[in-house]
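[1] Structure, please.
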Amino acid sequence: MRKVEKGNFNVVAQQDSLDEVGHLSRTFNRMTGEIKELIEQIKLEEKKKRSAELNALQNQINPHFIYNTLSVIKWMAQAQMADNITEAIDDMIKVLSFSTRSTQEFVSIKEEMEFIRNYVELLQLRYYSVFDCKIDVAPDVMHYRTLKFMVQPFVENAVFHAFVSHDRPYKLYICVGKTDGDDVQFIIRDNGIGIRQEQLHQLLQQEWSDKETMNSIGIGNVSRRLKLHYGEKYGVTMESTVGEGTSVCIRIPAMEQDPVSIQPRKEGLI
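    Numbering: from 1, shown residues only. The predicted model follows:
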């Protein structure tokens, strides 16, 4: 036991007797064996974590180059008074900045929804304003924290797959507020073509999104992340009627964001 106390977990106590000392020795050996396995597991996890951090850093190099190049193009567009190009590039810079500025998994709801607003404006430019979007965020939830990129896959799915024809004015509505149970819920609702029930199940199992999309985060990925971080009580529910539209509800606990990361709200961002 003194050797184990000093960090030597390779010792093995004699366990050839059947009395209390033999029982104690067997229990002691089992304990030291489990501790050794846990230490090896932690070492392996730390190695994987360092490898993931390196990959994340490498993956940020290209976006940062694009970010800096777009900044130059923005100033060129401003010099030529091309306001629409300036606004589009500004939105793109903000989207890239949010995506690459850190690898943290949590952000404030204010930051997540500012990112969604910029992302939606880019989609409206790409699809020639084929849809209108309203974003309504209750002021009292702005400072709570949420998983990063939690809303974007559902917005992406609505625009890419629900708004497919031009027979009606499409609308996307995003609402964030507190529930009666003091949780926070995100509602993403569209009046698109709708989804069949079997497709809804497939979407909730989806690990990766389509190759043409902004990132590879799938709807099923978001659902699993929510349950892993918050528990089985929380997650994603989807309802849809073919020909009428789809409604998504994301429910998370109301958790305070780290005060250091909270920035003062600028009017007009949401």
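
[2] could you pull out the strands for the stretch 151-270 of the chain?
    170-178, 183-190, 235-241, 245-253 (DSSP state E, counting those that start in this stretch).

[3] what separates residue 41 from residue 228, distance-wise?
    18 Å (C-beta to C-beta, to the nearest Å). C-beta: built from backbone N, CA, C; applies to glycine.

[4] again with residue 125
    Counting by C-beta to C-beta - residue 125 and residue 228 are separated by 35 Å.

[5] Those two - which one has more neighbours?
    Neighbours per residue (other C-beta atoms under 10 Å) separate residue 125 from residue 228, with residue 125 holding more: 14 against 10.

[6] so the more buried one is in which element?
    Using DSSP states H and E, residue 125 falls within helix 109-126.

[7] Strand 170-178 and that helix, what's the angle between them?
    180 degrees (axes from the mean of the first three to the mean of the last three C-alpha atoms, to 10 degrees).

[8] Tell me the bridge partners for residue 147.
    Beta-bridge pairing for residue 147 (DSSP bridges): residue 106.

[9] contacting residues for it?
    By C-beta atoms under 8 Å, 6 or more residues apart in numbering, residue 147 lies in contact with 105-106, 222, 225-226, 229, 252.

[10] again with residue 233
    Neighbouring residues of residue 233 by C-beta under 8 Å, 6+ apart: residue 251.

[11] Where does pLDDT dip in the stretch 151-270 of the chain?
    Residues of the stretch 151-270 of the chain meeting the criterion pLDDT under 70: 165-167, 206-217, 257-270.

[12] Touching, residue 248 and residue 195? I think so.
    No. The pair residue 248 / residue 195 is not scored as a contact, 10.4 Å apart, by C-beta atoms under 8 Å.

[13] Need the residues touching each of these two.
    Residues within reach of residue 248 and of residue 195 at once, by C-beta under 8 Å, 6+ apart, are residue 238.

[14] higher neighbour count, the two?
    residue 248 (24 against 21).

[15] so how far is residue 237 from that one?
    7 Å.

[16] What are the boundaries of the helices in the chain?
    2-5, 20-79, 83-100, 109-126, 152-157, 197-204, 219-230 (DSSP state H).

[17] got any ranges where the stretch 1-150 of the chain has weak pLDDT?
    49-65, 67-69, 100-104.

[18] Please repeat the previous calculation with a cut-off of 80.
    Within the stretch 1-150 of the chain, the stretches with pLDDT under 80 are 7, 9, 14-18, 45-84, 92-93, 95-105, 125-130.

[19] picking that back up, ranking the helices of the chain by burial, who's on top?
    With neighbours taken as mean count of other C-beta atoms under 10 Å, the helices of the chain reach their highest mean count in helix 152-157, at a mean of 23.

[20] Residues contacting stretch 235-255 from elsewhere in the structure, which ones?
    Residues contacting stretch 235-255 (C-beta under 8 Å, 6+ apart): 141, 144-147, 150-151, 154, 158, 162, 178-179, 182-197, 200, 203-204, 219, 222-223, 226-227, 230, 233-234.

[21] Go again with 7 Å.
    144-146, 150, 154, 158, 162, 178, 182-196, 200, 203-204, 222-223, 226-227, 230, 234 (C-beta atoms under 7 Å, 6 or more residues apart in numbering).

[22] outside of the helix holding residue 125, which residues touch it?
    By C-beta under 7 Å, 6+ apart, the list of residues contacting helix 109-126 reads 88, 91-92, 94-95, 98, 133, 135, 137, 141-142, 144, 146, 148, 150-152, 155, 159, 174, 176, 265, 269-270.
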